[in-house]
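Trainee: no sequence on this one, just coordinates:
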């Protein structure tokens, strides 16, 4: 039997984010997912090393890698629209679940149990991935602002408040230890070696 799941995954590079915002550099879903996976992996390591938890960083990274794949089918719904009110939020969540099921149906039967764990993560993994997703958005804001694009000024403030509001120690540690580097140029990063 032919399976098309990974061919669909390759379409992530065709889905662009931040559709309502003027961007100095377009970001696609594939890039975003890799960055979220890297950050989520780091958050899981922080959780284990600094917060005394026992979380599999590789599992968390896999959840993050696939966290937005429903957008291959739905497209990227801008956050102000997606969360405009509870009815839209609830309806869009159902659309995402349907899209994820459609993607899972493209997998071989013997893969589906493994992917069910990825598309229905445990609570701690889900929290870390949500934080990583917001941190990735914050980084995008920083990059755009560093390029002189004031379009992201309010988004940066709003996203930072959302991260702080999560009250997640792992996110706080990541921001305190790693965020500053995203304001540096390549030469400045190399000088810090």
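Mentor: Received, thanks. Treat the numbers as computed from the prediction; the structure is a model and nothing was measured. Residues are numbered from 1 along each chain as shown.

Trainee: so where's this structure shaky on pLDDT?
Mentor: Confidence mapping of the chain against pLDDT under 70 gives the ranges 193.

Trainee: in it, which spans are helices?
Mentor: Applying DSSP state H to the chain gives helices spanning 5-9, 29-51, 57-65, 71-74, 79-82, 86-104, 112-119, 123-146, 153-165, 169-178, 186-191.

Trainee: Distance check, the residue most central in space within the chain against residue 104.
Mentor: Closest residue to the average C-alpha location of the chain: residue 133 at 3.1 Å, with C-alpha atoms, centre = their mean. Residue 133 sits 21 Å away from residue 104, going by C-beta to C-beta, to the nearest Å. All C-beta atoms are positioned from the backbone trio N, CA, C, and that covers glycine.

Trainee: Same question for residue 181.
Mentor: 37 Å.

Trainee: And those two? Which one has more around it.
Mentor: A direct count of neighbours by other C-beta atoms under 10 Å for residue 181 and residue 104 places residue 104 higher, at 16 against 11.

Trainee: quick one, what contacts that one?
Mentor: Shown in contact with residue 104 (C-beta atoms under 8 Å, 6 or more residues apart in numbering): 112, 115-116, 119.

Trainee: Okay, it and residue 8: tell me how far apart.
Mentor: For residue 104, the distance to residue 8 equals 11 Å [C-beta to C-beta].

Trainee: again with residue 121
Mentor: Taking C-beta to C-beta, one finds residue 121 at 20 Å from residue 8.

Trainee: Who has more neighbours out of these two?
Mentor: residue 121 (19 against 15).

Trainee: Residue 17 is nearest to which of the helices of the chain?
Mentor: Smallest distance to residue 17 across the helices of the chain (C-beta to C-beta): 5.8 Å, for helix 29-51.

Trainee: what's the nearest residue to residue 4 once chain neighbours are set aside sitting at in phi/psi?
Mentor: Computed as C-beta to C-beta, 6 or more residues apart in numbering, the closest residue to residue 4 that is not its neighbour in sequence is residue 106, at 4.8 Å. Dihedral pair for residue 106: phi -80, psi -10, per degrees, to the nearest 10.

Trainee: So residue 106 sits against residue 2, correct?
Mentor: No: Residue 106 lies out of contact with residue 2 (C-beta atoms under 8 Å); the separation is 9.6 Å.

Trainee: Mind checking which of those two has more residues around it?
Mentor: Counted by other C-beta under 10 Å, residue 106 and residue 2 do not tie: residue 106 has more neighbours, with 15 against 6.

Trainee: May I have the residues that are in contact with that one?
Mentor: If you count contacts by C-beta under 8 Å, 6+ apart, residue 106 has them with 3-5, 8.

Trainee: out of those residues, which one sits closest to residue 56?
Mentor: For the contacts of residue 106, the residue nearest residue 56 by C-beta to C-beta is residue 5; the value is 22.5 Å.

Trainee: check contacts around residue 23.
Mentor: Taking C-beta under 8 Å, 6+ apart, we find residue 23 in contact with 144, 149, 151.

Trainee: The second one reaches residue 25, doesn't it?
Mentor: No: here residue 149 does not reach residue 25: they are 9.2 Å apart, not a contact under C-beta under 8 Å.
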